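*Asks:* this one's structure only:
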Ligand SMILES: Nc1ncnc2c1ncn2[C@@H]1O[C@H](COP(=O)(O)OP(=O)(O)OP(=O)(O)O)[C@@H](O)[C@H]1O
Ligand SMILES: [Mg+2]
């Protein structure tokens, strides 16, 4: 699958329309783009331009109204809820603006979650989760609840969780939106590091400064791609 | 892999329940009370049924009673023979005694009478019978000797007192044997005091020879009832049929529909009494089952609240790869863990309550293993049934909608 140049994700003329009574909101109105293995892409655009709608479709949380979407060559059209869950589990690592850690589980247990649904045994999960926490610099905080961690630390736990299933792509929707500048910069440095290790990353932001830390910037406006190119040009 | 995810669900359920211990306990209270009342109430019902069986056994074994007249509503229950118009004769008694399936017989008629000793008065039921009464009814003297055939034949004015009648009439100071009492003004000499049957009605009776009874107390020549002991427990029905045939012949009657007598079979009496106790048990069980259902509705309510509160958690789990089935199992297991722990606590409480009833409440209570199994299964089923809908709702949630839920 890696050979032959099949892109990790290929979107073709993706539309996502929300029918709200008499009016239709065209959140996405024909988006086409490929993301190759190892790319670090940022998606930028003003509020309401359709960035989150696009991420939901890329992450298989939502299905497009029209258009085709392939992950590693497999079309997601018409897949069952169970198959989509599998894809989210194996191919996608989500990182949310609001972290979305489960408040009653400690850091280790949060990182273990995707591994539970992947069917790993308890010991394997524990080891892997502990390694990942170590990797994001939270080696000693495994038994802390989310409420006992700072915002930056919580987002690190979320990154460790997103990495747990060895996904094909990391999806981060405004990952620094809830953090101060310094902590945000640390998280971005972590993305750069992951990218250097070969991870494929798609990062949504409305901050051009942040967008520039990616190799490639895709600019979205009113549900359409208006620019797509190396960071220097598009941002 | 499936079982691993399932085991994980149990762990998650336990953590979530521990996370809101007070609310979880209150939720299980309904099922707890339901299971406890199921155990305790059926224990009381069982106890009552065993007590009936016990007291009927003390009536005498293999006992059939031939009553004068037609059976009434409560025909099967032992009747007071004082209000019966007697239709049974000495010839009937002799003919029945001669049947192959009959071991022993004794006649019985009774009337209420005024008993007097010195200046003490009391109302008693006087029963006329013969010397075979103790053997037929399994009721023997505790002191003295029951009157024999000779006393019956010669219409002797002797009496055997029930244990309570003896105390009521003579007190505890006087030696009852040989005491002179009066029944409706007629002098009788006490020859025996009977052992207690643990039944006030029987223990307050006074027995006299049937011959003396017919001449001095009631008048007439017929008996109100005949006590019959069949030769074998297994031949009670056959013995009953033989008695009915014989009496129909002697009374020149075509069928039992026209009969001026009927036979109460101890088995029927036992059956009827057990049936009553069984209905009682069923009724109590029903009440308990209703409270289990109410408990189940409580669980459903709290699970629906829980699913709503945790919508975002469900969204996160789905984003991380939870399938609808995983979410369903997680919430179902949580409901079942709640209801089963309520059920187990309830079983313990019910067993304790039954023990307390019999220990301190003087009630017969007997916990049956069946009711424990039933309470357990009921609480399990309650969790599955009432947890099913909330869990299904959780599993059908749309991942993004759930993630966006505030
Ligand atoms: N569930 C929905 N129902 C109806 N309209 C929706 C829904 N989700 C999004 N929209 C609309 O689609 C458009 C795109 O929304 P989207 O959330 O993708 O924007 P965004 O680029 O992520 O904005 P922001 O930077 O503020 O997060 C908006 O006009 C929004 O109102
Ligand atoms: Mg958005």
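*Replies:* Cool, the structure landed. Since the structure is predicted, the reported quantities are computational estimates derived from the model, not experimental observations. Ligands and ions are numbered 1, 2, ... in the order given.
*Asks:* Tell me which residues touch residue 186, please.
*Replies:* This is for chain A. Residues touching residue A:186, when contacts are defined by C-beta atoms under 8 Å, 6 or more residues apart in numbering or on different chains, comprise residue A:152. Heads up, the C-betas are built off the backbone N, CA and C, glycines and all.
*Asks:* wrong chain, I was asking about chain B
*Replies:* Under the criterion of C-beta under 8 Å, 6+ apart, the contact list for residue B:186 reads B:157, B:216-217.
*Asks:* want to throw those into a markdown table with distance to residue B:95, secondary structure and pLDDT?
*Replies:* Converted to a markdown table, these look like this (distance: C-beta to C-beta, whole Å; DSSP: H, G, I helix; E, B strand; the rest coil; pLDDT from 0 to 100):
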| residue | distance to residue B:95 | secondary structure | pLDDT |
| --- | --- | --- | --- |
| B:157 | 29 | coil | 94 |
| B:216 | 27 | helix | 84 |
| B:217 | 25 | helix | 84 |
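*Asks:* nearest to residue A:62, of those?
*Replies:* Top of the list for closeness to residue A:62, among these and by C-beta to C-beta, is residue B:217 at 99.2 Å.
*Asks:* Around the closest one, count how many other residues there are.
*Replies:* Burial measure for residue B:217: 19 neighbouring residues, criterion other C-beta atoms under 10 Å in any protein chain shown.
*Asks:* Any chance of the contacts of residue B:186 in a markdown table with distance to residue B:151 as columns?
*Replies:* Supplementary listing: the contacts of residue B:186 in a markdown table, determined by distance: C-beta to C-beta, whole Å:
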| residue | distance to residue B:151 |
| --- | --- |
| B:157 | 9 |
| B:216 | 14 |
| B:217 | 16 |
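*Asks:* Between these, which sits nearest ligand 1?
*Replies:* Proximity to ligand 1 was ranked across the contacts of residue B:186 by C-beta to the nearest ligand atom; first place goes to residue B:217, at 97.7 Å.
*Asks:* Test my guess that that closest one contacts residue B:124.
*Replies:* No - with the criterion set as C-beta atoms under 8 Å, residue B:217 and residue B:124 do not qualify as a contacting pair; they are 11.3 Å apart.
*Asks:* Which neighbours do these two have in common?
*Replies:* B:113, B:183.
*Asks:* give the contact list for residue B:325.
*Replies:* Under the criterion of C-beta under 8 Å, 6+ apart, the contact list for residue B:325 reads A:82, B:395.
*Asks:* go with 7 Å
*Replies:* Contacts were defined as C-beta atoms under 7 Å, 6 or more residues apart in numbering or on different chains; by that measure residue B:325 touches residue B:395.
*Asks:* Am I right that it sits in a helix?
*Replies:* Yes - when classified by DSSP: H, G, I helix; E, B strand; the rest coil, residue B:325 is found to be part of a helix.
*Asks:* Helices of the chain, residue ranges please.
*Replies:* No chain specified, so I'll use chain A. Counting by DSSP state H, chain A has helices at residues A:51-58, A:81-91, A:107-118, A:122-135, A:151-164, A:181-196, A:208-211, A:231-234.
*Asks:* that's the wrong chain, I wanted chain B
*Replies:* So, for chain B - with DSSP H - the helices run B:2-19, B:21-57, B:90-97, B:133-137, B:149-153, B:163-170, B:200-203, B:210-212, B:236-250, B:266-309, B:311-319, B:324-360, B:369-395, B:399-404.
*Asks:* got the contact list for the residue nearest the centre of chain A?
*Replies:* Among the residues of chain A, residue A:171 comes closest to the average C-alpha position under C-alpha atoms, centre = their mean, at 0.9 Å. Applying C-beta under 7 Å, 6+ apart, we find residue A:171 in contact with A:55, A:58-59, A:92-95, A:202.
*Asks:* Pull out the buried members of those.
*Replies:* Burial by neighbour count, 16 or more other C-beta atoms under 10 Å in any protein chain shown: within the contacts of residue A:171 this picks out A:55, A:58-59, A:92-95, A:202.
*Asks:* which helices and strands sit right next to the biggest strand by length in chain B?
*Replies:* If you go by DSSP state E, chain B has its longest strand at strand B:102-117. Taking 3 or more C-beta pairs under 7 Å, 6 or more residues apart in numbering or on different chains; DSSP states H and E as the contact definition, the neighbouring helices and strands of strand B:102-117 are helix B:90-97, strand B:120-129, helix B:133-137, helix B:163-170, strand B:180-183, strand B:225-230.
*Asks:* what's the angle from it to helix B:90-97?
*Replies:* With axes from the mean of the first three to the mean of the last three C-alpha atoms, to 10 degrees applied, the angle from strand B:102-117 to helix B:90-97 works out at 140 degrees.
*Asks:* and strand B:102-117, which strands flank it?
*Replies:* Here strand B:102-117 has these sheet partners by DSSP bridges: strand B:120-129 (antiparallel), strand B:180-183 (antiparallel), strand B:225-230 (antiparallel).
*Asks:* what angle separates it from helix B:163-170?
*Replies:* Angle of strand B:102-117 versus helix B:163-170, following the same axes, to 10 degrees, is 20 degrees.
*Asks:* For ligand 1, what's the nearest residue on the stretch 201-350 of chain B?
*Replies:* For the stretch 201-350 of chain B, the nearest residue to ligand 1 under the criterion C-beta to the nearest ligand atom is residue B:315, separated by 13.2 Å.
*Asks:* so what's that residue closest to, chain neighbours aside?
*Replies:* Closest residue to residue B:315 in three dimensions, ignoring its sequence neighbours and counting by C-beta to C-beta, 6 or more residues apart in numbering or on different chains: residue B:402, at 3.0 Å.
*Asks:* Ok, residue B:125 next?
*Replies:* residue B:205 (4.9 Å).
*Asks:* Let me see the contact set for that neighbour.
*Replies:* Neighbouring residues of residue B:205 by C-beta under 7 Å, 6+ apart: B:124-125, B:127, B:162, B:165.
*Asks:* Just send these back as a markdown table, with neighbour count too.
*Replies:* Formatted as a markdown table, the entries for those read as follows, by neighbours: other C-beta atoms under 10 Å in any protein chain shown:
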| residue | neighbour count |
| --- | --- |
| B:124 | 23 |
| B:125 | 20 |
| B:127 | 25 |
| B:162 | 27 |
| B:165 | 28 |
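*Asks:* mind putting those in CSV, pLDDT included?
*Replies:* Converted to CSV, the contacts of residue B:205 look like this (pLDDT from 0 to 100):
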residue, pLDDT
B:124, 90
B:125, 91
B:127, 94
B:162, 93
B:165, 91
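*Asks:* Can you tell me which of those is nearest chain A?
*Replies:* If you rank the contacts of residue B:205 by distance to chain A using C-beta to the nearest C-beta, residue B:162 comes first, at 72.1 Å.
*Asks:* Burial check on the nearest residue to residue A:199 once chain neighbours are set aside, number of neighbours?
*Replies:* By the measure of C-beta to C-beta, 6+ apart, the closest residue to residue A:199 outside its immediate chain neighbours is residue A:170, 5.9 Å from it. The local packing count at residue A:170 equals 22, with neighbours defined by other C-beta under 10 Å.
*Asks:* beta partners of residue A:170?
*Replies:* Residue A:170 has the following beta-bridge partners by DSSP bridges: residue A:93, residue A:201.
*Asks:* Tell me who's in contact with it.
*Replies:* If you count contacts by C-beta under 7 Å, 6+ apart, residue A:170 has them with A:93, A:95, A:162, A:199-201.
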